[in-house]
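A.B. asks: Have a look at this prediction, sequence included:
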Amino acid sequence: MPQSMHLSDANAAEIKAVSIGKTFGAFHALKDLTLDIGRGEFLTLLGPSGSGKTTFLMILAGFLAPTTGRLMMNGKDITDVPAEERSYGMVFQGYALFPHLTVEQNIAFPLKVRRRPSAEIKRRVGEMVERVGLSGHEKKLPSRLSGGQQQRVALARALAFEPSVLLLDEPFSALDKNLREMMQEEVRRLHQETGTTFVFVTHDQSEALALSSRVAIFNHGELLQIGRPQHVYERPASRFVAEFLGEINLLPLEDFSLNGDRAEGRFEQRTIVLTANGTAPKSGGVAAVRPEHMRISSRSGADGENSVACTIEAETYLGGSTKYHLRTNGGVGLAVSMPTVNAGNITSKDVWVSWPAEQGFLLPDGS
Amino acid sequence: MNPALLRKLLLLAPLLLFLGLAYVVPFLGVVRWSFTLPEPGIGQYKALLTDPLVHSVFIRTLRICLAVTVLSLAAAYAIAYVWVRGSRVQRMLAEFCILVPFWISVLTRAFGWLAMLSNRGLINSWLQSAGIISEPLALARNELGVIIGMTHFLIPFAVFPIASAMRNVDERILLAARGMGSSRTRTFWTIFVPLTSGGIIGAALIVFVFALGFFVTPAILGGGRSVMVAELVYLRIFQSPDWGLGAAISVALVLVIGILLALLRRFIKPAHLVG
């Protein structure tokens, strides 16, 4: 691999956001955000629209100035450094390609701005075109390319000058599902090849879980939780995070007690055992279980498993899996997702829903 | 003919009728004169190509129109930029400056400029009383005066298509350029200006076409010394009864304008011309 194509981790930046706040008039877009972005990590900012994730990305890029707080890169304060001097790569929603420039000229733009020698620009553009699979399209204008191809040009252009950080603002929102998955794969590969720090904004939780080394979940301008995809999905700290990352069953518990990392409570006259998330609520807990962690059988579960008696109300065939909508005797609705190959065992409407104790977790009652 | 089309034609009929009776029919009469007066033939068109006076007027018209186009575009681009991308106050101010001239007649404005530019006008008397010049500057009754007056009149017409093109520029494209390290100046010249080139070309053609047919402003500010084509037609028909040549010049002017308008349609949608 030629020298210029290899980006060592040393070239990737480490960013610290310290108590960043941003207000637009009376609206608090970001509240006291403190967050570390590791060298070469793939961090996803996830949240609904208006949650502050895009505001934070714009502050990272230097297009917005924070109202309060500081932004540090590799130990240096860059809060007041303008966007053009930060020189992070950025892929915008809608790609923001230069419509009057060809694919080649688009990719060459950041290199020309940096006054690189023309021989180097030529070589580098050639490499990037090849790397994103656009050979043969070099002389075309963006309007003559498909959505996926435009996306590739945007990626090539953003990475052409070997930025220390690549920012991606909902880059796949305009693509159909298949193309989306292909481009996700492509972005993952580019991240591995370049070793650059990637910060990715999306409102699509499956995209966030699939791509990131860490996911930061935002709501109403606050960072609610940050962690590895598996951690935030399986051990969400709040009901919002639990529900935003995927479907979840919530069973209100009575008389629950906490014993080390185990919590116990009663749901419809049956004892439910759960893993407790460190500090648990003092009163009013809810047992939370993902639909795919539950299974349906004709008998109550084995030892160490929780079981609840239910009636099947409806089922939806989803190809590889089948989803069941059930109701407990007490009237609580549940959803269970099972591999379709196991679905043949279910013969009666009256069934037991069971799950291992370690797959359920405790959430506070309110939010 | 299908009923929907028929209905549309009926709605358009009054306009078509008016344009036909008020413009097309009289113009056909002018075309006939150009071939029949004073005697049948293409003599007047031959004269058009050989008469040195006609030549000099056409060349002067071209020169004035080019200068007016360049100056109007430069001013209009700056005004449109402030109007589209300025702060709220700047936008309101720009809008005011663009709209006010429409309320004042072209005649009033020409005389206004005469009051400013003539030898005993405001500018010359100020400069003289301030001791900056001893002899008045020749600002009016020449080509310079005509160019100033026409530019002032035509700037707003150039603002609309340019502003329309500027509004269509995706803000993210400009952010993208800045994010890649491009300075504001560089982004302006390499991204913003090319992206608004359609508006610039449209504005250039509009201003040029309008300018070609200008009559009042050059007649007043030129003081008879820098005659443009429209004034020449007037002189040929009303002062030296040479209707045939006047008609031939008119036909030539309409042809040139027709060709330019056809070009204009290729660069800009008519709806963009009014903002």
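C.D. replies: That came in fine, so what should we check first?

A.B. asks: Residue A:144: neighbouring residues, count only.
C.D. replies: Residue A:144 has 12 neighbours, counted by other Cβ atoms under 10 Å in any protein chain shown. Where you see a C-beta, it was placed from the backbone N, CA and C, and this is true even at glycine.

A.B. asks: do you know how far residue A:43 is from residue A:241?
C.D. replies: 16 Å (Cβ to Cβ, to the nearest Å).

A.B. asks: Over to residue A:207?
C.D. replies: 16 Å.

A.B. asks: Next: residue B:17.
C.D. replies: Separation of residue B:17 from residue A:241 (Cβ to Cβ) stands at 71 Å.

A.B. asks: Compare neighbour counts for these two and give me the winner.
C.D. replies: Neighbour count, other Cβ under 10 Å: between residue B:17 and residue A:241, residue A:241 has more, with 23 against 10.

A.B. asks: Would you mind confirming that the more buried one makes contact with residue A:232?
C.D. replies: Yes. Between residue A:241 and residue A:232 there is a contact at 6.3 Å, judged by Cβ atoms under 8 Å.

A.B. asks: domains of the chain?
C.D. replies: If you meant another chain, say so; for now it's chain A. A:3-240, A:248-364 (automatic domain parsing).

A.B. asks: oops, chain B please
C.D. replies: Looking at automatic domain parsing, the domains of chain B come to B:1-36, B:51-273.

A.B. asks: Helices of the stretch 151-275 of chain B, start to end?
C.D. replies: Secondary structure of the stretch 151-275 of chain B by DSSP state H, counting those that start in this stretch: the helices cover B:171-179, B:184-187, B:193-195, B:197-212, B:216-221, B:229-234, B:243-267.

A.B. asks: any residue of the third one up close to chain A?
C.D. replies: Yes. Against chain A, helix B:193-195 shows contacts by Cβ under 8 Å from any Cβ of the partner chain at B:194, B:195.

A.B. asks: contacting residues around that helix?
C.D. replies: By Cβ atoms under 8 Å, 6 or more residues apart in numbering or on different chains, the list of residues contacting helix B:193-195 from outside reads A:98, A:99, A:100, B:165, B:169, B:173, B:200.

A.B. asks: which parts of chain B sit against chain A?
C.D. replies: B:170, B:172-173, B:175-184, B:186, B:190-191, B:194-195, B:197.

A.B. asks: and if we set it to 7 Å?
C.D. replies: B:170, B:172-173, B:175-176, B:178-183, B:186, B:191, B:194-195 (Cβ under 7 Å from any Cβ of the partner chain).

A.B. asks: picking that back up, overlap in contacts, residue A:241 and residue A:232.
C.D. replies: A:217, A:225 (Cβ atoms under 7 Å, 6 or more residues apart in numbering or on different chains).

A.B. asks: and the longest strand along chain A, average pLDDT?
C.D. replies: Ranked by number of residues, the top strand in chain A under DSSP state E is strand A:305-317. Averaging pLDDT along strand A:305-317 gives 90.

A.B. asks: what's the answer for stretch B:113-120, then?
C.D. replies: 89.

A.B. asks: From the chain's centroid, how far away is stretch A:15-25?
C.D. replies: 21 Å (Cα atoms, centre = their mean, to the nearest Å).

A.B. asks: And stretch A:22-33, by the same measure?
C.D. replies: For stretch A:22-33 - counting by Cα atoms, centre = their mean - the centre lies 22 Å from the chain centre.

A.B. asks: end to end, how far does that stretch reach?
C.D. replies: Terminal residues of stretch A:22-33 lie 9 Å apart, using Cα to Cα, to the nearest Å.

A.B. asks: before we move on, what about stretch A:40-50?
C.D. replies: First residue to last in stretch A:40-50 (Cα to Cα) measures 27 Å.

A.B. asks: need the residues of the stretch 101-250 of chain A near chain B, please.
C.D. replies: Residues of the stretch 101-250 of chain A lying near chain B (Cβ under 7 Å from any Cβ): A:109, A:110, A:113, A:114.

A.B. asks: hmm, which of these are the buried ones?
C.D. replies: A:109, A:110, A:113 (16 or more other Cβ atoms under 10 Å in any protein chain shown).

A.B. asks: Which one of those is nearest to chain B?
C.D. replies: Using Cβ to the nearest Cβ, residue A:110 is the member of these that lies nearest chain B, at 3.8 Å.

A.B. asks: I'd assumed residue A:158 was in contact with that closest one.
C.D. replies: No. Judged on Cβ atoms under 7 Å, residue A:110 makes no contact with residue A:158 at a distance of 8.0 Å.

A.B. asks: Of the residues of chain B next to chain A, keep whichever come out buried.
C.D. replies: Among the residues of chain B next to chain A, the ones that count as buried by 16+ other Cβ under 10 Å are B:172, B:173, B:175, B:176, B:178, B:179, B:180, B:181, B:182, B:186, B:191, B:195.

A.B. asks: Tell me the pLDDT of the first one.
C.D. replies: Right, residue B:172. At residue B:172, pLDDT is 91.
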